[in-house]
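> Below are the sequence and a predicted model for it; my questions follow.
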Amino acid sequence: MITVRPSSERGHFDHGWLNTYHTFSFASYYDPEHMGFRSLRVINEDWVHAGNGFGTHPHRDMEIITYVLEGALAHQDSMGTSSAIRPGEVQRMSAGSGVTHSEYNHSQSEAVHLLQIWIMPDKKGVKPSYEQTAFPDEEKRGRLRLVASRDGREGSVTINQDAELYATLLEPGETVTHALAAGRYGWAQVVRGGITLNGQPLQAGDGAAISDEERLELTGTESAEVLLFDLA
């Protein structure tokens, strides 16, 4: 079964410095019908305008993945990490027992476009940690590239949850497939462009909850970028 979460039905706020869309309930956007899916709790699509950002704020007991699409996002945290996240890079911060961080767009002319993803961990109070890895486009073209997993295989960033995150870049007519093991669930998030998922059309910003499907077939209807979650 595939249940589409249309882009147009997401929560939306334009704060001036931040234009943001929420696939699931987040902050002042509350939707009891969309509180997350399995361990996937947040997918926010953000545009942070030039010279703006998120001031220092706390997190705990959450696996936070940042996926930058355009621009560069500066990150600083209480673990002593200072970095810039750029397109093609995946950042993972395990908040664990508690961490504070800030994120800022230092450009004076360009917005940063990103997805921030929260996955609930399978255990609380772990030591906070940070990881950042680049995944070149050629590793995602026409294939599903594993970018996050529990065991960190294939060079993916590690997360404290039985979940896998894949990224792919598809051209029109190009297809990738993924097998869902028995008892597993999926979530597809179209980042850019358009695809069909087992024949169901999806456009940029659309998400889809997947259950009781043994095989997933993603086909580009235009140049597309897609994230696919394989969840317990």
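Perfect, thanks for sending it. Numbering: from 1, shown residues only.
> Name whatever forms a beta bridge with the residue nearest the centre of the chain.
Taking CA atoms, centre = their mean, the centroid of the chain lies closest to residue 117, which sits 4.2 Å from it. Legend: beta-bridge partners of residue 117 under DSSP bridges are residue 43, residue 65.
> tell me the contacts of it?
40, 42-44, 64-67, 165, 227 (CB atoms under 8 Å, 6 or more residues apart in numbering). Any C-beta I mention is one placed from the backbone N, CA and C, and that applies to glycine too.
> do residue 195 as well
With contacts defined as CB under 8 Å, 6+ apart, residue 195 is in contact with 170, 188, 201-202, 218-221, 224, 226.
> List the contacts of residue 22.
Contacts of residue 22 (CB under 8 Å, 6+ apart): 10-13, 29, 42-44.
> Can you pull the poorly scored residue ranges out of the protein?
Nowhere does the chain drop to pLDDT under 70.
> Kindly report the domain assignment for it.
10-134, 137-231 (automatic domain parsing).
> Arrange the ones you listed in CSV, one row each, with distance to residue 3 as further columns.
CSV is the format used below for the domains of the chain (distance: least, CB to CB, whole Å):
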stretch, distance to residue 3
domain 10-134, 9
domain 137-231, 4
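> and of these, who's closest to residue 2?
Nearest of those to residue 2, taken as CB to CB: domain 137-231 at 5.2 Å.
> now do the same end-to-end measure for that closest one.
24 Å (CA to CA, to the nearest Å).
> From here on, call the first residue 41.
All right, first residue 41 from here; so that's domain 177-271.
> Pull the distance from that domain to the chain's centre.
11 Å (CA atoms, centre = their mean, to the nearest Å).
> cool, and stretch 46-57?
With CA atoms, centre = their mean, you get 16 Å for stretch 46-57.
> and of the domains of the chain, who's closest to residue 41?
Taking CB to CB, domain 177-271 is the member of the domains of the chain nearest to residue 41, at 5.2 Å.
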